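# Quick check, what structure comes out for this input:
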Amino acid sequence: MRQRSNKFGLSIYLSVVIPVFDQQKTIVKDVLNIDSILKSLDYSYEIIVVNDGSNDDTYSKLLPLASHNIRILSYQINQGKGHAVRFGMLKARGEIVGFIDAGMDIHPSGFEMLINHMNWYSADIIVGSKLHPVSQVNYPLSRKILSWGYRWLTHRLFGFQIRDTQVGLKFFKRKVVKDVLPRLLVKKYAFDIEILAVAYLLGYKRIYEAPVKINFKSNTITALNVWRTIAFMLWDTFAVFYRLKILHYYDDKKL
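Residues are numbered from 1 along each chain as shown. Presented below is the predicted three-dimensional model:
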């Protein structure tokens, strides 16, 4: 693969994973938008779109996009965002591997800032953060309250130094991906917490936050679904804590 040198004098190949479920109306536009952003950067790259068992025509919409820069992966049964991200990242070829949520609530213009932060700080992991002082965030109050509560909980359970763990935009050095991902179990709701907690446990402690631009789009999610999601999120989070602090599953696992 031919690599371009960037302004840091480095030739880096990026892999960006996009997990997708039932997004036939917007996914083509979203992928092309991400591709356009990446083309404007001084990096060689690949986009890996993972169709997480969609029930609609998402997969058929994606197929014509396949190219040397865009890889389309798919499986039939929905497994959850965590599984889809892990599935794509394990197949990535880049020296820096990241993911971004589909739907474009998070603007992909943040790629360059996250990657620059990785170079500036020689970071193991860079996470997008709503709480970075220069982030531009349009978020409803209800989401802010839920985010604050979950942030308080995870800080108490895991002692994270970073302030925001939940933004669906993160980049990892390839070695982190190789060492951490085979140990992970969460398929859905607490994937971000698990990958950060296990990376820190294994000695990857150079984790930094970078600014993002988020414009949360209103949707039709019902109150029942919100509370169900919160319940599953808490269940997964406490399960990660139990495996990490009580069972010592992640450090004992033989790979």
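# Check which helices and strands the host helix or strand of residue 36 is in contact with.
Of the helices and strands defined by DSSP states H and E, residue 36 is found in helix 27-39. Applying 3 or more CB pairs under 8 Å, 6 or more residues apart in numbering; DSSP states H and E, one finds that helix 27-39 contacts strand 13-20, strand 44-52, helix 58-62. Placement of C-beta: from N, CA and C, glycine included.
# Could you figure out how far it is turned away from strand 13-20?
Computed by axes from the mean of the first three to the mean of the last three CA atoms, to 10 degrees, the angle separating helix 27-39 from strand 13-20 equals 160 degrees.
# Tell me the gap between helix 27-39 and the middle of its chain.
Chain-centre distance of helix 27-39: 16 Å, with CA atoms, centre = their mean, to the nearest Å.
# Tell me the buried residues in that helix?
27, 30-31, 34-35, 37-38 (16 or more other CB atoms under 10 Å).
# Out of the helices and strands packed on helix 27-39, flag the one nearest residue 212.
Closest approach to residue 212 among the helices and strands packed on helix 27-39 is made by strand 13-20 (14.6 Å; CB to CB).
# could you check the distance from the nearest residue to residue 135 once chain neighbours are set aside over to residue 156?
Here the nearest residue to residue 135 in space, its sequence neighbours aside, is residue 211; by CB to CB, 6 or more residues apart in numbering that works out to 4.3 Å. In this structure, residue 211 and residue 156 are separated by 26 Å, where distance is defined by CB to CB, to the nearest Å.
# For those two, indicate the residue with more neighbours.
In terms of neighbours (other CB atoms under 10 Å), residue 211 is the more surrounded of residue 211 and residue 156; the figures are 18 against 10.
# Wait, the more buried one touches residue 130, no?
No: Residue 211 sits out of contact with residue 130 when judged by CB atoms under 8 Å, with a separation of 9.2 Å.
# related to what we said a few turns ago, just want the angle from the helix holding residue 36 to strand 44-52.
Interaxial angle, helix 27-39 versus strand 44-52 (the same axes, to 10 degrees): 160 degrees.
# contact partners of helix 27-39?
14, 16, 18, 20, 23, 45, 47, 49, 58, 61-62, 65, 69-70, 100, 102-104, 108-109, 111 (CB atoms under 8 Å, 6 or more residues apart in numbering).
# Buried among those? Make that a PyMOL selection.
In PyMOL, the members of those classed as buried (16+ other CB under 10 Å) are selected with the following command:
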select buried, resi 14+16+18+20+23+45+47+49+58+61+62+65+70+100+102+103+104+108+111
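# which SSE is the most centrally placed residue in the chain in?
For the chain, the residue lying nearest the average C-alpha position, counting by CA atoms, centre = their mean, turns out to be residue 99 (3.9 Å). Here residue 99, judged by DSSP H and E, is contained in strand 96-100.
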